[in-house]
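*Asks:* Show me the folded form of this:
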Amino acid sequence: MVIVVVVVLVDLLTGAGLPWLPMLAAGPALAATTNGPRGVLCVGLLASGLCAALSTVYTVPGREPAAVLCSVLAVTAASTLASELRGRRERVLAAVRSVAEAAQHALLKPVPETVGPFQVAVRYSAAAAEARIGGDLYALVPTPHGVRLIVGDVRGKGLPAVSTAALVLGVFREAACDEPDLLAVVGRIERSLARNLGPDDFVTAVVVGCPQPGELEVVNCGHAPPLLITAGGGVEPVEPARPAPPLGLRALSGEHPELHLLPFADGDQLLLYTDGVTEARDHAREFYPLAEGVARHVSDDPARTLRAVHADLLAHVGGRLHDDAALLLLRRSVEETAETAEGLREEAAGDGPEEGGQAPDAGREILPERSEAAAVAVTCRGGGGR
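*Replies:* Purely as a prediction, here's the structure:
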């Protein structure tokens with residue numbers, strides 16, 4: 001409407017006559033980008049009416065006025081059709097996005113803010129923002145054997161990566177409740193991937209369990225080392241003593257992952273993440289320093305910590321990530337009593353009797369106890385095995 005009014009005013013003020021009238025076609029053409037077919041048609045008819053009126057005022061002889069009027073009407077018809085087609089595409093895109101959101105909620109189920117004595121927070125960003133889902137995965141499951149969680153990264157992108165992530169999460173949720181030993185959970189995921197993945201496909205992952213108060217079990221399969229945030233604010237990478245291959249590649253290397261026991265006192269936090277965070281680059285091609293960012297923004301509220309870290313990450317890359325990125329922060333807020341642990345087991349197992357026995361000690365590596373006043377200096381090798 002503004003374009004049509006401006007063209008008419010310029011034509012009347014300059015007295016140019018016919019040369020300005022073809023510009024009236026810009027009105028319906030631009031209206032097609034934002035308006036529906038009815039709005040485009042109204043603008044086009046207004047432009048055509050004004051074109052005919054001005055042609056009469058100037059009494060231009062010959063066929064030129066008719067040609068200009070036909071041009072405006074033709075642009076109006078084409079713009080109306082384009083607007084209708086654009087509306088259909090937008091409706092289809094909206095339907096696809098709703099399906100993608102439903103798929104994301106089914107695949108990456110919302111994680112509760114509190115599970116037993118733990119506070120939990122998650123931040124997830126897919127590289128394909130329109131799709132809302134990607135190849136990074138996470139899950140937290142209360143089981144008869146304690147809280148168990150996984151964070152992983154599927155090789156590749158797109159629908160094949162989403163399909164593999166769904167497979168890993170499905171096997172993990174079932175095995176986490178069935179298997180008393182965390183290494184057995186990892187073994188079931190490995191066997192399932194070996195049957196279903198191609199020779200070049202794999203999944204890096206960290207699987208964590210809480211078998212008893214004050215202790216975490218950690219199994220790292222070629223993934224970035226988690227960050228242990230002590231109650232005093234220190235940040236330490238939890239490196240595996242022996243690198244293990246990613247899930248799906250055990251048959252090629254013959255190496256088996258080890259289970260580490262990690263002291264986890266009141267107020268301690270464990271941050272699990274994917275390489276989309278640590279490999280995010282700024283304009284100078286510098287990687288995002290996750291450990292420094294966490295140390296700057298750590299607080300007693302995991303959700304607030306991850307919001308600040310995620311905002312810092314986006315500022316580092318200039319506003320948009322180019323890879324899937326997942327962050328999961330686990331904090332032990334209060335001392336877990338025997339009653340709390342038993343209640344968590346009953347919640348996971350239901351009313352039925354608890355199955356399974358004590359987890360075997362084979363393949364476990366016991367980490368030394370960590371005092372409150374001393375920190376273990378660990379050199380971060382960064383994404384070993386990936």
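*Asks:* Can you show me the strands along the stretch 101-250 of the chain?
*Replies:* When secondary structure is read from DSSP state E, counting those that start in this stretch, the stretch 101-250 of the chain shows strands at 114-115, 118-125, 136-143, 146-154, 203-212, 215-221, 227-229, 235-237.
*Asks:* deepest of the ones you listed, which one?
*Replies:* Most buried of those by mean neighbour count (mean count of other C-beta atoms under 10 Å) is strand 146-154; its value is a mean of 27. C-beta coordinates here come from the backbone N, C-alpha and C atoms, glycine included.
*Asks:* Okay, now the sheet partners of that strand, with direction.
*Replies:* strand 136-143 (antiparallel), strand 203-212 (antiparallel) (DSSP bridges).
*Asks:* Export those strands to a markdown table and append columns for distance to residue 162 and mean pLDDT.
*Replies:* Output for these, formatted as a markdown table (distance: least, C-beta to C-beta, whole Å; pLDDT from 0 to 100):
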| stretch | distance to residue 162 | mean pLDDT |
| --- | --- | --- |
| strand 136-143 | 9 | 91 |
| strand 203-212 | 12 | 92 |
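*Asks:* Include distance to residue 238 when you put those strands into JSON lines, please.
*Replies:* As requested, those are arranged in JSON lines below (distance: least, C-beta to C-beta, whole Å):
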{"stretch": "strand 136-143", "distance to residue 238": "17"}
{"stretch": "strand 203-212", "distance to residue 238": "9"}
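*Asks:* Which one, of those, ends up nearest to residue 184?
*Replies:* Of all the strands paired with strand 146-154, strand 203-212 sits nearest to residue 184, with 10.9 Å by C-beta to C-beta.
*Asks:* Output the closest one as PDB, restricted to C-alpha atoms.
*Replies:* Presented in PDB, the C-alpha positions along strand 203-212 are these (Å, rounded to 0.1, in the frame of the first residue of the first chain):
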ATOM      1  CA  VAL A 203      29.000 -43.300  18.800                       C
ATOM      2  CA  THR A 204      31.100 -41.600  21.500                       C
ATOM      3  CA  ALA A 205      29.500 -41.700  24.900                       C
ATOM      4  CA  VAL A 206      29.900 -41.300  28.600                       C
ATOM      5  CA  VAL A 207      27.700 -43.500  30.900                       C
ATOM      6  CA  VAL A 208      27.400 -42.500  34.500                       C
ATOM      7  CA  GLY A 209      25.800 -44.300  37.500                       C
ATOM      8  CA  CYS A 210      25.300 -43.600  41.200                       C
ATOM      9  CA  PRO A 211      25.400 -47.000  42.900                       C
ATOM     10  CA  GLN A 212      25.700 -45.600  46.500                       C
END
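*Asks:* returning to what we had before: so which of the strands of the stretch 101-250 of the chain comes closest to residue 301?
*Replies:* Of these, nearest to residue 301 by C-beta to C-beta is strand 118-125, at 7.5 Å.
*Asks:* How far off centre is the closest one?
*Replies:* Mean-position distance between strand 118-125 and its chain equals 12 Å (C-alpha atoms, centre = their mean, to the nearest Å).
*Asks:* now for it, which elements pack on it?
*Replies:* strand 136-143, helix 302-317, strand 325-332 (3 or more C-beta pairs under 8 Å, 6 or more residues apart in numbering; DSSP states H and E).
*Asks:* Let's have those in TSV, adding distance to residue 222.
*Replies:* Formatted as TSV, the helices and strands packed on strand 118-125 follow (distance: least, C-beta to C-beta, whole Å):
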stretch	distance to residue 222
strand 136-143	14
helix 302-317	23
strand 325-332	16
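*Asks:* For residue 8, find the nearest of these.
*Replies:* Among the helices and strands packed on strand 118-125, helix 302-317 sits nearest to residue 8 (C-beta to C-beta), with 46.2 Å.
*Asks:* which residues touch that closest one?
*Replies:* Applying C-beta atoms under 8 Å, 6 or more residues apart in numbering, the external contacts of helix 302-317 come out as 113, 119-123, 125, 269, 277, 280-282, 288, 290, 293-294, 296-299, 320-321, 325, 327, 329-331.
*Asks:* repeat for stretch 23-37
*Replies:* 1, 3-4, 7-8, 39-41, 43-44, 46-48, 50-51, 71-72, 75-76, 79-84, 86-87.
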